Every structure is written in C-alpha cells, then in structure tokens.
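J.: Just to be clear, the model below is a prediction. Sequence and coordinates:
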There are 2 protein chains.
Amino acid sequence: MVGHPGHTNGIELAVSTVIFALRPREGFDSSLLSLPLVRRTRGPFKGRWALPGGWASPDESLVATASRNLLETTGMKSTYLEQLYAFGDIARSPTGRVVSIVYWALVRPEQAVEAEESENVQWFPADDLPELAFDHNLIVEYALWRLRTKMEYSRIALAFLGETFTLTELRHVYEAVLQKSLDPANFRRQVESSKAIVRTDDHVTGGRHRPPRLYRYNASVELTDSGPLSHHQI
Amino acid sequence: MVGHPGHTNGIELAVSTVIFALRPREGFDSSLLSLPLVRRTRGPFKGRWALPGGWASPDESLVATASRNLLETTGMKSTYLEQLYAFGDIARSPTGRVVSIVYWALVRPEQAVEAEESENVQWFPADDLPELAFDHNLIVEYALWRLRTKMEYSRIALAFLGETFTLTELRHVYEAVLQKSLDPANFRRQVESSKAIVRTDDHVTGGRHRPPRLYRYNASVELTDSGPLSHHQI
DNA sequence: CCAAAAGTGTTCGTACTACACCCATGC
DNA sequence: GCATGGGTGTAGTACGAACACTTTTGG
C-alpha cells in the first residue's frame, strides 16, 4: 500500500472544523446554537464566509491540526472534538482537487466569549447561515445532524457546560440544540438515573425561588462511546 | 483555504475498504462473519495480510476509488458502502506520512463466492485475525464495532441478503453478526412492523416442515439514515 | 402419527409521558 | 402572603422479553 512518494500528487489535504457553542441572545433568556466562521481574504470564494481550517501538516496528526487551528483562528479550546467526515468530491474546489478531513467541536460559553468577533471572524446562528464557500453549507448541515442525533443517545450535552451546573441549565442545552421543550420532571429523572452526573452539596442562591442543586460531570463516564477508537485520538 | 499546490507535499492519501460478508462454514449450518484480506507483495510489512486498497486518484471521488478497488482486487460488488473513518496518525506507516480514508462494505453471499481465494487473497473470520500490516487491526476492530452498533438501529442487515429471503434467514444474519440468539417470535413481530420489508406470496418448499413465507426488501426505505449526506455519495 | 420449523397469543416488567402536586426561596 | 422555579408522586401507555401454544409441511 505504501510505495514511493508522488502517487497522490494533485490532491491537497485540508483540515476544517465545525465549532458549536451556545451563546446568549440579547433580549432573550435562552441561548442560541451558533458557530464561528472566518471570512476568506483570498480567492476562490474571496469575501465569502467559510469554516475555520488549514492545510494538513506532515508532522502533525489530523486531530492536532484541527485543535491547533481552532486555537489559532478563534482563540478557543474545545471540550469535545471528534472527526466528522472526509469530504472528497472531485469538484468541491474550483482550484483543484482538495480532500477535507472535517472535525466538529463543542466549546463552553466562557470559551465562546474568547473568540472575539472581528471583521474576519464572526458568530452565526447554526440554523441560519449565509451562502458559504465551497461545500461548507452541506458540511455544516451534516455536522448539525450529527450533533442533534448524538444528543439523543450520548452525554455530549455536558461538553457545552462548565464544571458545575443545575439540571435546568442542562435541560436548556438540550432544548436549545434540539429545538423543543422538555418536561422538567421527566428530564430530571432520566438524567439523574444515568450516572453521567453526580450531585454536589452546593446550591445556587440569589434567585427569587428555591435554590437549585448544583451537579457535576462524572469524569468516569465517557461523553460518548467511540468503541475501539476511545482514548485513541487518531 | 485553497492556495497554490504543494502545501501537502509529504502526505500520501490512500483509500482502503473493510469488506464484510457472511460465509457458510463447512460442517456448521450457521454462517461466519468474514472479510477478505490481501497479502502484501512489497515492503513495508511484506508478506503480511492487509486491507484491500490503493492510492487516491485526483480524478476520482473517494467512494468511487473504494468501489473500484473492491471490484479490482476481489471481483465483488457491494450492496452497501459507507465511509468509516480517516486514519491519520503520524507513525502509522514506517515509510512516511499516509492518511487513509477507510470505507466499509457489505456484500451478498453470491458475491462473496466471486472472490475466489488465491495465494494473495483470502477470507478470514472477522473475530479472529492474524497480525495485520500497519494499523489495520485497529481499523477492522472499529469497523466491526460500527457494523454491530449500526445493526441494532438500522436495516443494514438486509444488505447481506439477496432479493428475497425468509424471516429465519434474516434472523440468522443478526445472530451471526451480533453473536447472540434471538427469539424467533419477537424478532418476527419487530421486523414485520418496521415496514423495511414486504411480504411476497411465495413460500420456500422442500424443507420437511411448514414452508416459510418469502419477503422482499422495501426499496422505498433507506437502509440507514445518513442525514444530509443521503444520496450524496461523497 | 411424529418431528421440526413457521407462525400466533398472552403475560409480565420496564421505561417513557403527561400532569397533578408539594417545597423553598425572595419580595 | 404570593410568585417563581425546584423537585416529587402517580397513573396511563407503549414496547420488548419470555414462553406457551397452534399450524403446516415431510416422512
């Protein structure tokens, strides 16, 4: 399978990342599922918005490239980073053949604030994007689908939150991503019986109602089951 | 994101495929989940068994390369072909940096027969492999995990079977892949209510028992939900 | 008739849903 | 006290597991 170099001349290898965060909306008390995009300063698609990314590097693993890119272009560190898909259509770039390994990431609100908006970096609502460069609209659509699908059977929602949180905050994560409201009583029972979170003895005071209990992420439970690829970071 | 060529010099791009089929075992009446491997005739890992694959080509989509490779090296056409993962560890090939886009495929028994065994192509039980070249043991492990996971919530089992089949045959597919026995009565009800299959008026005669009804795959139901990537073949 | 596999019925337990209700706090 | 969200109880329903039972063929 491995021969002399030069076989894949003519194929460029890129790494991009779809970054999700829940950002508070002014005037609303619910958060909005958002993602940061960068404006292209060079052709093709100059001036269009695109996913943050860059070229793969020979001496860096794919996931490391994704992680580094995320930090360099947005200043954020993610709490969850997973490979999404390798997009390899022949005509997806007008300048030649480009295969993009796309990752998707979840970041906490405090990290999302770090990504200061500039003329060339801006947050967009995940469900209402402009026309992006390349096939990036399709990529985001697929990432959104994966996020919502995975939300139903895994614990990735916790990656949106900080160290401690109330059950209502956790429920709001589900509601913001899945875009439907959940019964607080049933939600509480489901998530409490799952053992993915543990009660603390702390409560949040200050609200003009009964102080809610704080919970903590149970580190001994994986956010998601990746089978044999768990703990591998390939 | 796309600039002048040469950025990814030093990274080779390969496409490999994990091919699953259920093959009858001599002396047993149940089938065995198997996959074909090719013997490496060149270094590195010369003489070791490896997944069928080849280099990506600039004028061919990734899935087309996988499909063509499958046909060329084993003579088979698959009924199901899906991208598995992009493996990009730095040290996965001793000769230099190689990123492999890996696909996984399901083939029908009649196709599996086409893959005649030779000195350099041979079928192996999926759960009992020798030490393979590169990181291919990990890749197969992951493919197996995906197959078994997906078996539980999708209809891919149908990709192992021909045009028509009995419910017992379908149940045997599940039992062979998941390695556990299922209650025939409950299995029947579950699968009949799923609308993924339709009854025909034909029955299988010849057995010395009540002739089982033949069913047919309902083409209007997708084997699996790929979200926005359905019908895209990227 | 008997054996064997196809196919049906019934019961039980679990898990999710909907919604009524009580609790603890600030004002 | 009242309003507000936190938190508990409970009845209804849907679905899967287990298993008894009936049906249809070949010999």
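T.: Nice, I can see it.
J.: I'd assumed A:Tyr174 was in contact with A:Ser30.
T.: No. Because the distance of 11.7 Å does not satisfy CB atoms under 8 Å, A:Ser30 is recorded as not touching A:Tyr174. C-beta coordinates here come from the backbone N, C-alpha and C atoms, glycine included.
J.: More neighbours: which of these two?
T.: Applying other CB atoms under 10 Å in any protein chain shown to A:Ser30 and A:Tyr174 shows that A:Tyr174 carries more neighbours, namely 18 against 10.
J.: show me the residues around the more buried one that make contact.
T.: Residues near A:Tyr174 by CB atoms under 8 Å, 6 or more residues apart in numbering or on different chains: A:Met151, A:Ala157, A:Leu182, A:Phe187.
J.: per-residue confidence for it?
T.: On pLDDT, A:Tyr174 comes in at 98.
J.: For it, identify the helix or strand it belongs to.
T.: helix A:167-178 (DSSP states H and E).
J.: and the helix or strand following that helix, what does it pack onto?
T.: Sequence order places helix A:184-193 as the next helix or strand after helix A:167-178, per DSSP H and E. Helices and strands touching helix A:184-193, as assessed by 3 or more CB pairs under 8 Å, 6 or more residues apart in numbering or on different chains; DSSP states H and E, comprise helix A:167-178.
J.: Buried residues of the helix it packs on, list them for me.
T.: If you call a residue buried by 16 or more other CB atoms under 10 Å in any protein chain shown, then helix A:167-178 has these buried ones: A:Leu167, A:Glu169, A:Leu170, A:Arg171, A:His172, A:Val173, A:Tyr174, A:Ala176, A:Val177.
J.: Quick one: end-to-end distance for stretch A:106-126.
T.: 13 Å (CA to CA, to the nearest Å).
J.: hmm, I was thinking of stretch A:157-172
T.: Counting by CA to CA, you get 10 Å between the two ends of stretch A:157-172.
J.: what residues does that stretch touch?
T.: Taking contacts as CB under 8 Å, 6+ apart, the residues outside stretch A:157-172 that touch it are A:20-22, A:30-31, A:78-80, A:106-110, A:151, A:173-174, A:177, A:182, A:184, A:187-188, A:191-192, A:196-197, A:200, A:202, A:204, A:212-217, A:223.
J.: Throw together a PyMOL command that grabs the buried residues out of those residues.
T.: Those of the contacts of stretch A:157-172 that meet the burial criterion (16+ other CB under 10 Å) are gathered into one PyMOL selection, given here:
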select buried, chain A and resi 20+21+22+31+78+79+80+106+107+108+151+173+174+177+187+191+196+197+214+215+217+223
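J.: Let's see which of the contacts of stretch A:157-172 end up in strands.
T.: Assigned to strands by DSSP state E, the following of the contacts of stretch A:157-172 qualify: A:20-22, A:31, A:80, A:106, A:197, A:200, A:202, A:213-217.
J.: of all those, which two lie farthest apart?
T.: Distances among the ones in strands among the contacts of stretch A:157-172 were taken as CB to CB; the most separated pair is A:Phe20 and A:Asp202, at 27.9 Å.
J.: mind giving me the domain ranges of chain A?
T.: Here chain A is described, according to automatic domain parsing, as comprising the domains A:7-150, A:158-217.
J.: looking at these, which is closest to DNA strand D?
T.: domain A:158-217 (2.8 Å; CB to the nearest atom of the strand).
J.: Which strand residues bridge A:Arg23?
T.: Counting by DSSP bridges, A:Arg23 is bridged to A:Leu32.
J.: thinking it is in contact with A:Phe124, fair?
T.: No. Taking CB under 8 Å as the definition, A:Arg23 is not a contact partner of A:Phe124, at 10.2 Å.
J.: who touches both of these two?
T.: Common neighbours of A:Arg23 and A:Phe124 (criterion: CB under 8 Å, 6+ apart): A:Ser34.
J.: Can you tell me the SS state at the nearest residue to A:Pro228 once chain neighbours are set aside?
T.: Closest residue in space to A:Pro228, ignoring its immediate chain neighbours: B:Glu141 at 4.1 Å, by CB to CB, 6 or more residues apart in numbering or on different chains. Here B:Glu141 is recorded as helix under DSSP: H, G, I helix; E, B strand; the rest coil.
J.: just checking, next helix/strand downstream of the helix or strand bottoming out on mean pLDDT in chain A?
T.: For chain A, scoring each helix and strand by mean pLDDT, DSSP states H and E identifies helix A:109-114 as the least confident one, at a mean of 90. Using DSSP H and E, the next helix or strand after helix A:109-114 towards the C-terminus is strand A:121-125.
J.: Kind regards, and thank you for your time.
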